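A.B. asks: Okay, here's the prediction I keep looking at, along with the sequence it came from:
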Amino acid sequence: MELSSPAFAPGGAIPMRHTCEGDDLAPALVWSAPPAGTKSLALIVDDPDAPDPAAPRMTWVHWVLYDIPPALAGLPEGGRPAIAAARDGLNDWTRTGYGGPCPPIGRHRYFFKLYALDTLLGDLHRPTKARLEQALRGHVLASVELVGTYQKQR
């Protein structure tokens, strides 16, 4: 399984359009066919460099999405409406959906992690990243990640 985005190259800068300084839209994502037996996909986007990459103290969660239909080959820019069947979790702003990069200082790394699962997880009542990771245990058939970076322009 491979994961990419038409918006940025692996390890490259995420365009301002996908950040708090722009339209705050999730970048489009594209992935190759998940392995046989995949019943759903899950996506976690986080930043391990918060608040300062020179002295990180926490990982900031930007997006939690699960029960993505495995027949999809990706997500459109904005993430919706093509994935209406998917379920949202809570990001670290305690809201659902994508929250784009908005680093207070320095250039941060953003990890887009996609998991192929052997099950549908069902209603986890808007799980946090930690709760979703618990639910993933024992169900991951494959995983892949894409890293982008961002530093505020203003």
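C.D. replies: Cool, the structure landed.
A.B. asks: ok, E77 - how many residues close by?
C.D. replies: The local packing of E77 (other Cβ atoms under 10 Å) involves 16 other residues. The way it works is simple: take the backbone N, C-alpha and C, and place the C-beta from them, glycine included.
A.B. asks: Could I get the contacting residues of W31?
C.D. replies: Each residue near W31 by Cβ atoms under 8 Å, 6 or more residues apart in numbering is listed here: M1, E2, L3, S4, L41, A73, G74, L114, V144.
A.B. asks: For the buried ones among these, write the corresponding PyMOL selection.
C.D. replies: Per 16 or more other Cβ atoms under 10 Å, the buried members of the contacts of W31 correspond to this PyMOL selection:
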select buried, resi 1+3+4+41+74+114+144
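A.B. asks: Quick one: the contacts of W31 as TSV, columns for secondary structure too.
C.D. replies: Listed next are these as TSV, based on DSSP: H, G, I helix; E, B strand; the rest coil:
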residue	secondary structure
M1	coil
E2	coil
L3	strand
S4	strand
L41	strand
A73	coil
G74	strand
L114	strand
V144	strand
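A.B. asks: and F112, what does it touch?
C.D. replies: Counting by Cβ under 8 Å, 6+ apart, F112 makes contact with L3, S5, L29, L43, V45, E145, L146, V147, G148.
A.B. asks: What subset of the residues you listed is buried?
C.D. replies: L3, S5, L29, L43, V45, L146, G148.
A.B. asks: between those, which is closest to T94?
C.D. replies: Nearest to T94 among the buried ones among the contacts of F112, counting by Cβ to Cβ, is V45 at 15.6 Å.
A.B. asks: re the thing from before, biggest separation within the contacts of W31, which pair?
C.D. replies: Top of the distance list for these (Cβ to Cβ): S4 and L41, 14.9 Å.
A.B. asks: Show me the shaky parts of this protein.
C.D. replies: Where the chain drops to pLDDT under 70, the residues are 80-83.
A.B. asks: Could you pull out the helices in it for me?
C.D. replies: Applying DSSP state H to the chain gives helices spanning 129-136.
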